[in-house]
Structure formats: C-alpha cells, structure tokens
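>>> coords please:
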Amino acid sequence: MKKWLVSSMIIAMFAVTACGANNGNNGGAANNGGAEATNAANNGANNAGNDAAAAEDDLNPEDGATLLVWESKEQRPFVEAIAKEFTAKYGIDVKVEEIGAADQVNKLISDGPAGLGADVVVFPHDNLGKAVSAGLVLPNDYFEEQSRSENADNAVNAVSYDNVLYGYPRSVETYALFYNKALMPTPPKTFDEIVEFAKTFNDPAANKYALMWEVGNFYFNYPFISTGGYVYGDNGQNKDDIGLNNEGAIAGIKYYGSLKDSILPMNSGDITYDIKKGLFTSGTLAMDINGPWTIADYKNAGIDFGVAPLPSINGQPASSFSGVKAWYVNSFSKYPNASRLFARFASTKEAQLKDFEMSGTLPANKEAAADQSIQSNEIVKGFLEQFNQSTPMPSIPEMGNVWSPIAAAFSDVWNTGKDAKEALDNAVQQIKDANNGTAAQ
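The predicted structure follows:
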C-alpha cells in the first residue's frame, strides 16, 4: 500500500520529466503578487540564510571526523556529488554505502547501537515513529528554525514526531490526476464534472471509462475521507483520536460508493495498476489517479497528458496522502556535529534543486519549488500543487493497524453497497482493538 516501496522506480521515472526542463513553489510564495509580498519573502529568505550561517559558525565538527551516509543505488550519483562539495567546504571525507531508503530504519536498529550504522541516513517519514521509539535519531536542533521556515509546512510536519523536529526535509511525493488531453483538454475541477463527462464518454463494452484509480487501496481512497474525516488526530500522532468514522468521513465514503454506478462499474479487485495503465496508454481511459512512478510509461506510450490536482469532493478540496523523505542524524554517531552539518548542507535549496536536476525528485524547499525549472514543467507543477493540499501519512507505529480494516470497509461499500456508517464503525473498532492490544488472536 505504501508507495515508498517503489521509491527506486519513482526516482528513475521522474528523471524523465526533469531532463529537458530549464532547470518550484507549489502555489505559495510564487503566486503572491505585489512588491510587498515579494519583499517580505526575500527578507524571510535572507533572515533564514543568516540564521543558518550563524548556526554553522557555532557548530564545530569533531576533530578527525569522517562520515558514512546510506543511500539507494538510484540516488547515489546525487549524494556523491553533494558529498564532494561538502568535503571541499569542510574538509570532512564522506563515504556512501548503498542501502535502500525503506530498509534503513530496520538496519539501523541492529547496526546503530553496535556502532556500525551510517552517521547520516535518509528514509520516508512513515518510518519515523519506529526510529524515534527505538532512540535511533537525533532531533534537528541546530538548524530547526531554518528547516521550518524554508520547507513546506506539510513536509516539516511529516518529519516531526511528538512535536519534535527530527528530519532535514529533502523531497516530497504524492499522487494527482493524470488526464489525456485528446479526450479531456481541460482537467475537471470537481468530481461532479467527471460524473457528467462519464454519462457520454463511458462505454464498458469498449473498455472506455472516464476515470480510474485503485478503488480497493486506501492509499488512493484517502481523499474521500479527507473532506471532513482524518486518520489520527494531532497531525496524525494521537492513536486515541480516530476520525475515520465521523460525519465527514461517512459523507465522503457514501459519495465514493455512488461513483461505482456513475463512473466506474467494476468491482474493486478488477481495477489494478496494470489494467489502468493499459487503458490509459491505449487511449480509452480519459483520467487516472496515480503517482509520479507512472510518468515514464505514459510518456513512452506517446500520450499527450497533463497532471492536475485532484478534483474537489462534495464541494471540498480533496487531500491526498503524501510522503516526505528527509536526512536524519544517527544518535549513535561518533561525529554528531559533522553529521548535522552534512544533513543541513544536503537539504538546502541549492542541494534540493541539484537533486531535482540529477534525479527528478520533488523539492520540499519552498524556494526550490518556486524555481523556474519546476514552475515551467506542467507535470511536476501539478504534483506540487496537489502536495500543497495533501496530508502526510501518519508516522506513528499504530498506522500499521489502519490499512487492512479501512480497506475492507471501502471494499464492502463499493462492491456490496454496505452502509457507509456501519462499514466505517466496524473498521474503527478493529483499529482500536489493535491499538489497545485487544484484537482477536
């Protein structure tokens, strides 16, 4: 369910869009008009830069420090390039070892206390709860103010745990609406528009459908909860505050259930990634809700497509699940100061733009996201606009208890027409039981 498992695909495929761009803000400061707003933004950036410089001056790397950094094979070229710049500035040698981002926390659990772990690691934010609970990472203390002011709020919240900032935000991802411009030149603003379009476009006998998404996957169904509901309260960190069956969530899943007859008359199990890809690339699927890992396939198929934010649901913006990667300092590192300096150096605006140019990763830094290289790229810009209205996946360990029960609730509503409230109440009770250790064995 968690698309971080395909992070290597994301990086490789997103590079297709980065190449050819003139080397982004996702609708924030970049869209503010007037000299006053511009001056304020510039002053804020200057202040943040001054604060960062002061923090660097106060933070002295340990004598004889050398650093080990873990990173995936796909991202190694960028890390080696930024490490070379870091060594030139600080005189600290950096070695890179290939470890996939999704595997790093588990490896650090065994290697960290033994003194074998990397000094600086990078992993998706939904692993942060496990890392903090195991005492594996240090807070982002010296550069906290800069990290908070320079990066998107969603990204900062994602790499914080129990109101403590641990990560140095590096990149973001979410899913959005792909649309075939030959079939729908302008993306819809509301799901109701899609319902109207489907009335004349749909032809199941010819495999023609207005819209598809992985109907049985809660990762992609979260938008229907987001228009009034939520998973866990307190920015996803309170396991005792579950918002999956409140009035807003119930209204959202009722609307979701109505779309089977009006948009997509198929059972949830019959709608897979490969099915959607085949129909979209053959020109019989007008729209697809998907992530950046799909870009290369659609480009290679010669489809003229665009990417736009998700249409509103029941008159409210549709929030998607999002993920954030960040650098973290190993709490067992012999060189914590040098590690802090590297994590900061590799997460600045300049570093994130370099990462985008080399790997196609989307920056968390607001000024980097506002850069012309990103704002001039329609596909990349569409994902960043959706990220602005996204919700970071909860990072507490109890998130693992959510996926199966809530997916079953959505499946029951879609496939059998089960009452939305009954389905969600049942799912929430299962989640509570698992959270409290009372689930049936």
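>>> Not counting residues beside it along the chain, what's closest to residue 112?
Setting aside the residues directly before and after it, residue 112 is nearest to residue 332 in space (Cβ to Cβ, 6 or more residues apart in numbering), at 4.5 Å. Glycine gets a C-beta too; all of them are placed from N, C-alpha and C.
>>> Tell me which residues touch the one you found, please.
Shown in contact with residue 332 (Cβ atoms under 8 Å, 6 or more residues apart in numbering): 112-113, 115, 117, 136.
>>> Can you list the low-confidence ranges for the stretch 51-200 of the chain?
The stretch 51-200 of the chain contains residues with pLDDT under 70 at 51-57.
>>> all helices of it, in order?
Residue ranges of the helices in the stretch 51-200 of the chain, as given by DSSP state H, counting those that start in this stretch, are 76-90, 104-111, 128-133, 144-150, 153-158, 191-201.
>>> The stretch 201-350 of the chain too?
Ranges of helices in the stretch 201-350 of the chain, per DSSP H, counting those that start in this stretch, are 218-226, 233-236, 247-262, 273-282, 295-300, 336-345, 349-359.
>>> Looking at the ones you listed, spot the one closest to residue 70.
With respect to residue 70, and counting by Cβ to Cβ, the nearest of the helices of the stretch 201-350 of the chain is helix 336-345 at 12.0 Å.
>>> hmm, back to that, now distance to residue 149, mean pLDDT and mean neighbour count too, for the helices of the stretch 201-350 of the chain, in CSV please.
Shown next, in CSV, are the helices of the stretch 201-350 of the chain (distance: least, Cβ to Cβ, whole Å; pLDDT from 0 to 100; neighbours: other Cβ atoms under 10 Å):
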stretch, distance to residue 149, mean pLDDT, mean neighbour count
helix 218-226, 26, 97, 24
helix 233-236, 18, 92, 17
helix 247-262, 32, 97, 18
helix 273-282, 38, 96, 17
helix 295-300, 31, 90, 18
helix 336-345, 13, 98, 24
helix 349-359, 12, 94, 21
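>>> For these, give me TSV that also has distance to residue 370.
Formatted as TSV, the helices of the stretch 201-350 of the chain follow (distance: least, Cβ to Cβ, whole Å):
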stretch	distance to residue 370
helix 218-226	25
helix 233-236	25
helix 247-262	32
helix 273-282	30
helix 295-300	21
helix 336-345	21
helix 349-359	10
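>>> nearest to residue 367, of those helices?
helix 349-359 (4.9 Å).
>>> Outside of the helix or strand following that closest one itself, list whatever touches it.
Later in the chain than helix 349-359, the nearest helix or strand by DSSP states H and E is strand 362-363. Residues outside strand 362-363 that contact it (Cβ under 8 Å, 6+ apart): 14, 24, 171-173, 292, 349, 352-353, 355-356, 369, 374, 380, 383-384, 387.
>>> How about stretch 256-270?
Stretch 256-270 is contacted from outside by 191, 194-195, 198-199, 202, 204, 209-212, 215-216, 221, 224, 271, 410-411, 413-415, 417, 420, using Cβ under 8 Å, 6+ apart.
>>> Longest strand in the protein, by number of residues?
strand 321-330 (DSSP state E).
>>> And the helices of the stretch 201-350 of the chain: which comes nearest residue 83?
Closest to residue 83 of these, according to Cβ to Cβ: helix 336-345, at 7.7 Å.
>>> Summarise which helices and strands the closest one is packed against.
Counting contacts by 3 or more Cβ pairs under 8 Å, 6 or more residues apart in numbering; DSSP states H and E, helix 336-345 is packed against helix 35-58, strand 66-71, helix 76-90, strand 120-124, strand 321-330.
>>> Please repeat the previous calculation with a cut-off of 10 Å.
Packing contacts for helix 336-345, counted by 3 or more Cβ pairs under 10 Å, 6 or more residues apart in numbering; DSSP states H and E, involve helix 35-58, strand 66-71, helix 76-90, strand 120-124, strand 137-138, helix 144-150, strand 168-174, strand 321-330.
>>> returning to what we had before: direction included, what does the longest strand of the chain pair against?
strand 120-124 (antiparallel), strand 137-138 (antiparallel), strand 168-174 (antiparallel), strand 391-392 (parallel) (DSSP bridges).
>>> nearest to residue 240, of those strands?
Using Cβ to Cβ, the nearest of those to residue 240 is strand 391-392, at 18.8 Å.
>>> Now do that closest one: distance to the chain's middle.
Computed by Cα atoms, centre = their mean, to the nearest Å, the chain-centroid distance of strand 391-392 equals 7 Å.
>>> Other residues contacting that strand?
125-126, 128, 154-160, 172, 174, 222-223, 225-226, 230-231, 235-236, 319-324 (Cβ atoms under 10 Å, 6 or more residues apart in numbering).
>>> Would you mark the buried spots in the one helix or strand residue 429 maps to?
According to DSSP H and E, residue 429 maps onto helix 420-435. By neighbour count on 16 or more other Cβ atoms under 10 Å, the buried set for helix 420-435 is 420, 423-424, 426-428, 430-432, 434-435.
>>> Now tabulate these in TSV and tack on pLDDT.
Formatted as TSV, those follow (pLDDT from 0 to 100):
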residue	pLDDT
420	97
423	98
424	98
426	98
427	98
428	98
430	98
431	98
432	97
434	96
435	95
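>>> Check the contacts of stretch 256-270 for burial and list the buried ones.
Applying 16+ other Cβ under 10 Å to the contacts of stretch 256-270 flags 191, 194-195, 198, 202, 209-212, 215-216, 221, 224, 271, 410-411, 413-415, 420 as buried.
>>> any chance of the strands paired with strand 321-330 in JSON lines, plus distance to residue 315?
Below are those laid out as JSON lines (distance: least, Cβ to Cβ, whole Å):
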{"stretch": "strand 120-124", "distance to residue 315": "32"}
{"stretch": "strand 137-138", "distance to residue 315": "41"}
{"stretch": "strand 168-174", "distance to residue 315": "21"}
{"stretch": "strand 391-392", "distance to residue 315": "18"}
